[in-house]
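Novice: structure for the following, please:
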Amino acid sequence: MRHNLAARIGVWSAHHRKTAIIGWLLFVVLATAVGGASGMVEMSESEQGAGDSARAQKILDEADLDHPAGELVLVSSKTAGGWKEAARELAAAVENTGEAQKIEPPLASKDGREALIRFQIKGDSKTAADRVQPVLDAVRDTDKAQPGVEVHQFGQASAEKWLGDLLSEDFKQAEFTAVPLALGILLVAFGAVVAALLPVGLALTACMAAFGLLSLASHQLHLFQSTYSVMFLMGLAVGVDYCLFYLRRERDERAAGHDAETALRIAAATSGRAVLVSGVTVMLAMAGMFLSGLMLFKGFALATILVVFIAMLGSVTVLPALLAWLGDRIDAGRIPFLNRRGKKGAHESGAVAGAVLRPVLAKPKLFAFGAVAVLLALAAPAVGMKTEQLGMEKQFGSDASLSVAYKKITEAFPGGPEPARVVVKADDIDSERMRGALAKFDPSDVTVHKTKNVAEIEVALEGNGSDSRSKNALAHLREKTVPAAFDGTGAQVFVGGELAGSVDFNDQLKRGIVPVFAFITAVTFLLMLFCFRSYVIAVTSILLNLLSVAAAYGVMVAVFQHGWGASVLGTEAVGAIEGWMPLFVLVVLFGLSMDYHVFVVSRISEARDRGADTRAAISEGIRRTAGAVTGAAAIMVAVFAVFGTLSMQDMQQMGVGLAVAVLLDATIVRMVLLPSVMALLGERNWRTRRPRPDELDTRRPRREAVPTGARP
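Specialist: This next block holds a predicted model:
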């Protein structure tokens, strides 16, 4: 038997199981400890954006022009003036916390039934969320003590505090829900407690080590606040899947009659190799996000590459060592009715796959056309996809407490959309030429920081802040008003603000998606060509991936943009897809779909190398992998679906989009479209293919001593 890299690693780990196991544990502990000690560094507001809006914010950051975090409290009553006593008590309570400053007198509404109290949180606005809790408590206590009034608070510090707590709770919910779900699916797949615990344990330790290394790396590449959630999502799904593929193949070979050492060697050389190829493919696909030009995606890329690499490393090193050490104890904790195997290791799922495959292989043209039609129908809504950086109400839902407070305040005291912010930096902001340029704007909207040579100008925009009127007004400001005012001054002038930031971010995404797409398609093609020595398989891999991605886009647009079935999923339509979602989903799905594709096609290739014709090889390969693919897909769908239940709209979109894509990929694509297309292509599947020197001949295994622990 000839060895590939995965087989050599597996044999070494089995021979040196103590070294492999202890080394893995030390690595996880050390990485976790170092990362915990270093802490995570989040990206600044200017680093989150792109274009002129990011440059404007960077000028303010470099000038250290910090605006204190402002807070608004609305006190309303059923009668005019009924809020006065509550407003006095609230202002006094807020002042007594010692955390507030510049508390303004209550501003009454037109009908006199509402009052707005404005104040600021003392200190640096970037850390105001850490100090706002006493103020929140004071407002809440006043609200409870005044039953005749209604109190709502909204502001920079309170919103950041609320968001931080929400993300923390969501992450805990995801962790405590996804892990038991994955464990339950593995119990059904393996029918034994130890066999089910092993993949979950390895995936969790891989996530822990990746968390630590990512925290350390964040001091060089600052991260977005939800990056850890994305890392956990990917780490748990991929880590469990890799171990499942490896473990399932080893158990299948044992059940098929091979001795322990041969079964472990075959699993290492086949599933281990598939894990290496899949892991490298996923990592290279994720690396495409570095080409997006946005720090947000660079952080996502780094996080996913780290966790996939560590999960892959654990699957081909410590997993064989654990299998050799556990021996037959891997089946400890057997669950009645779930641990039954048929003759030669055939699984019930293989019989189901065979029943599905018979008509597919009998009429491949019909089923290929039907599968493509279904996927294109699902993808159709994606034609009208709209993207934007979702605002607070869309992001958290109209019923969220923060959204309700914001809506109540803006209804009682309408102020229009957030204005654009023109930031000006000059060598001498007080020069005659600069004073003349600034005089072209309303003096009340201009703030000059003479010592910093910086000026800020607030410019109101027409429209509701995100519609075409607002975007046209922003474009006119950037292309006409600002150049006309500052032409010849030599000053740096950039337009920022909420709308400008959203427009710049989307523009950068549109520019970045082309090089990212070109990179991941080229990488996928080359890796599939290297792995299977067939340009036909490489091209079909890309086309199948594109169909899966398009279908996922269509479902996301239908649910979250148009609201079709949104209430069933416990969410609501927001009229757009989060700006960073299409690119992220494209990259992730291109990478993850390789898990199934490499695993299935590798098994088909094995059967072909043993002399089976193409249709027989397709049937054997898919039947043999049906159980593992079904289990792996069920775990991924479950983990992603958990994220679809979280509070934030972007997490919901990501969870639902990925869950649907994996479900379609493991069913329609792998069970119907892949076999029908390969059957239609016949011998052309293997065009340009030559036998590799490392290919495994499973017909004549060469015995080699491998420690097997408790195995007889």
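Novice: only C-alpha atoms for contact and neighbour calcs from this point on.
Specialist: OK.
Novice: is residue 81 in a helix, a strand, or coil?
Specialist: Three-state call for residue 81 (DSSP: H, G, I helix; E, B strand; the rest coil): coil.
Novice: start the count at 793 instead of 1 going forward.
Specialist: New numbering, starting at 793: the last item is residue 873.
Novice: what sits against it?
Specialist: 904-906 (Cα atoms under 8 Å, 6 or more residues apart in numbering).
Novice: let me know the closest of these to residue 822.
Specialist: Nearest to residue 822 out of the contacts of residue 873 is residue 906 (Cα to Cα; 56.5 Å).
Novice: so that closest one sits against residue 876, correct?
Specialist: No. Counting by Cα atoms under 8 Å, residue 906 stays clear of residue 876, with 9.4 Å between them.
Novice: those two - which one has more neighbours?
Specialist: More crowded of residue 906 and residue 876, by other Cα atoms under 10 Å: residue 906, with 27 against 19.
Novice: the more buried one pairs with what?
Specialist: Beta bridges link residue 906 to residue 868 when assigned by DSSP bridges.
Novice: so residue 1374 makes contact with residue 1346?
Specialist: No. Judged on Cα under 8 Å, residue 1374 makes no contact with residue 1346 at a distance of 10.8 Å.
Novice: show me what contacts the residue nearest the centre of the chain?
Specialist: Centroid-nearest residue in the chain: residue 1022, 4.0 Å away (criterion: Cα atoms, centre = their mean). Going by Cα under 8 Å, 6+ apart, residue 1022 touches 1092, 1095-1096.
Novice: and the pLDDT at the residue located most distally from the centre of the chain?
Specialist: Centroid-distance maximum for the chain: residue 1224 at 51.0 Å, with Cα atoms, centre = their mean. On pLDDT, residue 1224 comes in at 89.
Novice: so how far is residue 1269 from residue 1262?
Specialist: To residue 1269, residue 1262 is 10 Å away according to Cα to Cα, to the nearest Å.
Novice: settle it for me: which of the two has more neighbours?
Specialist: The residue with more neighbours, out of residue 1262 and residue 1269, is residue 1262; 21 against 18, by other Cα under 10 Å.
Novice: just to check, that one is in contact with residue 1252?
Specialist: No. Counting by Cα under 8 Å, residue 1262 stays clear of residue 1252, with 9.5 Å between them.
Novice: any residues in contact with both of those two?
Specialist: Shared contacts of residue 1262 and residue 1252 (Cα under 8 Å, 6+ apart): none.
Novice: for the stretch 1193-1342 of the chain, which segments count as helices?
Specialist: Assigned by DSSP state H, counting those that start in this stretch, the stretch 1193-1342 of the chain shows helices spanning 1193-1204, 1224-1230, 1260-1268, 1274-1278, 1290-1324, 1327-1348.
Novice: quick one, which of these is nearest to residue 897?
Specialist: helix 1193-1204 (16.2 Å).
Novice: buried set for that closest one?
Specialist: Under the neighbour-count criterion of 16 or more other Cα atoms under 10 Å, helix 1193-1204 has 1193-1201, 1204 buried.
Novice: want to throw the residues you listed into TSV with distance to residue 920 and pLDDT?
Specialist: TSV is the format used below for the buried residues of helix 1193-1204 (distance: Cα to Cα, whole Å; pLDDT from 0 to 100):
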residue	distance to residue 920	pLDDT
1193	20	82
1194	17	82
1195	20	82
1196	22	85
1197	19	86
1198	19	83
1199	23	82
1200	23	85
1201	21	84
1204	26	82
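Novice: in this structure, which segments are predicted with low confidence?
Specialist: Along the chain, segments meeting pLDDT under 70 span 793-795, 1129-1143, 1207-1209, 1256, 1480-1504.
Novice: which stretches of the stretch 843-992 of the chain form helices?
Specialist: Counting by DSSP H, counting those that start in this stretch, the segments of the stretch 843-992 of the chain that form helices are 843-854, 876-888, 925-937, 948-982, 985-1009.
Novice: for the first one, packing partners?
Specialist: What that stands for is helix 843-854. In terms of contacts (3 or more Cα pairs under 8 Å, 6 or more residues apart in numbering; DSSP states H and E), helix 843-854 is packed against helix 837-840, strand 1212-1217, strand 1284-1288, helix 1290-1324.
Novice: save those as TSV, and put in distance to residue 1352 and mean neighbour count too.
Specialist: TSV is the format used below for those (distance: least, Cα to Cα, whole Å; neighbours: other Cα atoms under 10 Å):
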stretch	distance to residue 1352	mean neighbour count
helix 837-840	24	17
strand 1212-1217	28	24
strand 1284-1288	28	22
helix 1290-1324	18	19
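Novice: now render those as a markdown table, adding distance to residue 1401.
Specialist: As requested, the helices and strands packed on helix 843-854 are exported to a markdown table (distance: least, Cα to Cα, whole Å):
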| stretch | distance to residue 1401 |
| --- | --- |
| helix 837-840 | 51 |
| strand 1212-1217 | 65 |
| strand 1284-1288 | 61 |
| helix 1290-1324 | 11 |
